[in-house]
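**Q** no letters, just coordinates:
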């Protein structure tokens, strides 16, 4: 099962279909991935450790360490490099690709493996990472198991977790408003950043619910359940917006207080400087008068 907060969430198009792709690196030595069809909401997942990934790259003849492979995978998802590309293939697509390569080597393609495993692999997908160098193309396949459409109960659990986060933030803001020090702008900035992250997470969840709503549109009971979840998500988003506006107002008030204090500090420094000059001037006058009287006595 994918972690609640993946390292990377993006949308990719494979063969004209849009997919929501989530990628998560766990403890620096394990890779989790999830691919969701945006139209049907069908989902495929995989979880592999560093040894498995490095073994796959070793079999291709172009070995890559785990961290390098995951960097290439991120580059393919974000399309930041022309050398790396991604594709999503079915088992039949993969067999056709293998047979084409075997025919190119004048080998006899085997169909027995396909016949024996067609039932167990018909719903499996393969995320193919292709690394193109000057004279060669290396394909790294990642098998992904079929999970079906997402469970509404799982989405509801995530919504409950987000509700708890919103309540906790609101409580923190309430306490902060009751006893608010003028030098605590860093804490408000952290709260504001957390609210923004929560809003982004809610947006992603709202998209998932919307696609799930399309897939279950023919079932009235599911429609009613999804409608309730969408209402909860919308309510959460409104709460996050209100909390963000409260933070902005508090930050603005802090900035105004800071400007007033700075102005008062400047005025105090000017007054002190003037008093100091006057004191020095009086002292000089008294010294001069004393010197004149002493000289006359002499």
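**A** Done, it's in. Note that this is a predicted model, so its numbers are computed, not measured.

**Q** list the buried residues of the helix or strand residue 11 falls within.
**A** Using DSSP states H and E, residue 11 falls within strand 8-14. Across strand 8-14, burial judged by 16 or more other Cβ atoms under 10 Å covers 9, 12, 14. (Glycine included, C-beta is placed from N, CA and C.)

**Q** any idea of the mean pLDDT in that strand?
**A** The average pLDDT within strand 8-14 is 91.

**Q** what packs against it?
**A** Based on contacts counted as 3 or more Cβ pairs under 8 Å, 6 or more residues apart in numbering; DSSP states H and E, the elements that strand 8-14 packs against are strand 17-26, helix 66-78, strand 84-90.

**Q** which element follows the longest strand along the chain toward the C-terminus?
**A** Counting residues, the longest strand found in the chain (DSSP state E) is strand 137-148. Going down the chain from strand 137-148, the next helix or strand is helix 152-178, by DSSP H and E.

**Q** and the angle for the next helix or strand after that next one with strand 8-14?
**A** Scanning forward in sequence from helix 152-178 by DSSP H and E, the next helix or strand is helix 185-215. Counting by axes from the mean of the first three to the mean of the last three Cα atoms, to 10 degrees, helix 185-215 lies at 30 degrees to strand 8-14.

**Q** what's helix 185-215 packed up against?
**A** Judged by 3+ Cβ pairs under 8 Å, 6+ apart, helix 185-215 is in contact with strand 17-26, helix 152-178, helix 220-297.

**Q** okay, and for the stretch 51-200 of the chain, where does confidence drop off?
**A** For the stretch 51-200 of the chain, applying pLDDT under 70 flags the ranges 104-121, 150-151, 154-156, 158-159, 179-188.

**Q** related to what we said a few turns ago, relative to helix 66-78, how tilted is the strand holding residue 11?
**A** Orientation check (the same axes, to 10 degrees): strand 8-14 against helix 66-78 gives 60 degrees.

**Q** and strand 8-14, which strands flank it?
**A** Strand 8-14 pairs in its sheet with strand 17-26 (antiparallel), by DSSP bridges.

**Q** ok and the partner strand relative to strand 84-90, angle-wise?
**A** Going by the same axes, to 10 degrees, strand 17-26 makes 110 degrees with strand 84-90.

**Q** what about the longest strand of the chain, distance to the chain center?
**A** Here strand 137-148 is found 23 Å from its chain centre; the criterion is Cα atoms, centre = their mean, to the nearest Å.

**Q** do stretch 83-94 as well
**A** When distances are taken as Cα atoms, centre = their mean, stretch 83-94 is centred 26 Å away from the chain's centroid.

**Q** mind listing residues that contact it?
**A** Outside stretch 83-94, the residues within contact range by Cβ atoms under 8 Å, 6 or more residues apart in numbering are 12, 14-15, 19, 35, 72-73, 75-77, 97, 114, 117-118, 121-122, 124-133, 141.

**Q** count the neighbours of residue 147 for me.
**A** 17 (other Cβ atoms under 10 Å).

**Q** spatially nearest residue to it, not counting backbone neighbours?
**A** residue 43 (4.5 Å; Cβ to Cβ, 6 or more residues apart in numbering).

**Q** quick one, what contacts the one you found?
**A** Taking Cβ under 8 Å, 6+ apart, we find residue 43 in contact with 34-37, 146-150.
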